[in-house]
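Novice: Starting from these lines, generate the structure:
(2 chains)
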Amino acid sequence: DQQVKQNSPSLSVQEGRISILNCDYTNSMFDYFLWYKKYPAEGPTFLISISSIKDKNEDGRFTVFLNKSAKHLSLHIVPSQPGDSAVYFCAAMTGNQFYFGTGTSLTVIP
Amino acid sequence: ETGVTQTPRHLVMGMTNKKSLKCEQHLGHNAMYWYKQSAKKPLELMFVYNFKEQTENNSVPSRFSPECPNSSHLFLHLHTLQPEDSALYLCASSQVAGLNTEAFFGQGTRLTVV
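Specialist: Numbers count the residues shown, from 1 in each chain, chains lettered A, B, ... in the order given. The predicted model follows:
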């Protein structure tokens, strides 16, 4: 049973525009959410996180939004850059465990 | 070296072989994790160690045997694997398991079982 879902396997965005990556979860016990970025042949790299007590966290070009009532998480990247092209994983945490989505492959077109 | 280092990066093994994957973290963390990533599937947690004690075993077959001799090192011993065990195996560490903080990942070992 997949508790964290990323329903869009891929996304293409023009350079300079906004990229919006979405994530849905089912477990209301999740209390910490993270986004990771992964390049081919590398491990996932932590990008940004948000606690369940917040609804927004911003770090430079990256903003994560949390809608607890909808059990929905999103990552906004603005402006998008070609170097942002990678696979983005959403993760949620409860107890000792991180639960990951299947990833969304973002392509930023120059 | 900094961060989380995994060796080897690539491994091809036969079904009757015994091999080990190694993970080392230089971040002063106390929790270490093994994840499996198969194609088109989410990362699957296999094992969690917190202060060298195993705290999670997500119904992993006994042909995978973890070892955590200290907080900086984690091994995954492999024996009599099946072709469906071919995947990317990722090690991660975090400050303390159960604490709301990010995990840092190694680059992974790409395992192929033939």
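
Novice: hmm, stretch B:77-90 touching chain A?
Specialist: Yes. Applying Cβ under 8 Å from any Cβ of the partner chain, one finds stretch B:77-90 touching chain A at residue B:90. Where C-beta positions appear, they are placed from N, C-alpha and C, glycine not excepted.

Novice: For chain B, which segments count as strands?
Specialist: B:4-7, B:10-13, B:18-25, B:31-37, B:44-50, B:53-57, B:64-70, B:73-79, B:87-94, B:104-105, B:109-113 (DSSP state E).

Novice: Compare those strands and report which one is nearest to residue A:19.
Specialist: Comparison of the strands of chain B against residue A:19 by Cβ to Cβ identifies strand B:104-105 as nearest, at 21.9 Å.

Novice: what is the rounded mean pLDDT of that closest one?
Specialist: Strand B:104-105 carries an average pLDDT of 94.

Novice: From the contact counts, what lies against it?
Specialist: If contacts are counted by 3 or more Cβ pairs under 8 Å, 6 or more residues apart in numbering or on different chains; DSSP states H and E, strand B:104-105 sits against strand B:87-94.

Novice: returning to that earlier point: adding mean neighbour count, write the strands of chain B out as TSV.
Specialist: Formatted as TSV, the strands of chain B follow (neighbours: other Cβ atoms under 10 Å in any protein chain shown):
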stretch	mean neighbour count
strand B:4-7	18
strand B:10-13	14
strand B:18-25	19
strand B:31-37	24
strand B:44-50	21
strand B:53-57	13
strand B:64-70	15
strand B:73-79	19
strand B:87-94	24
strand B:104-105	22
strand B:109-113	18
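
Novice: Need the residues that contact stretch B:106-114.
Specialist: A:41-43, B:3-15, B:21, B:23, B:25, B:37, B:78, B:81-92 (Cβ atoms under 8 Å, 6 or more residues apart in numbering or on different chains).

Novice: Mean pLDDT lowest where, among the strands of chain B?
Specialist: For the strands of chain B, where the average pLDDT is lowest is strand B:53-57, sitting at a mean of 85.

Novice: Convert the C-alpha atoms of it to CSV, please.
Specialist: C-alpha atoms of strand B:53-57 as CSV (Å, rounded to 0.1, in the frame of the first residue of the first chain):
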residue,chain,number,x,y,z
GLU,B,53,20.6,-1.1,17.3
GLN,B,54,18.3,-2.4,14.6
THR,B,55,14.9,-0.8,15.1
GLU,B,56,13.2,-1.7,11.8
ASN,B,57,13.2,-4.7,9.6
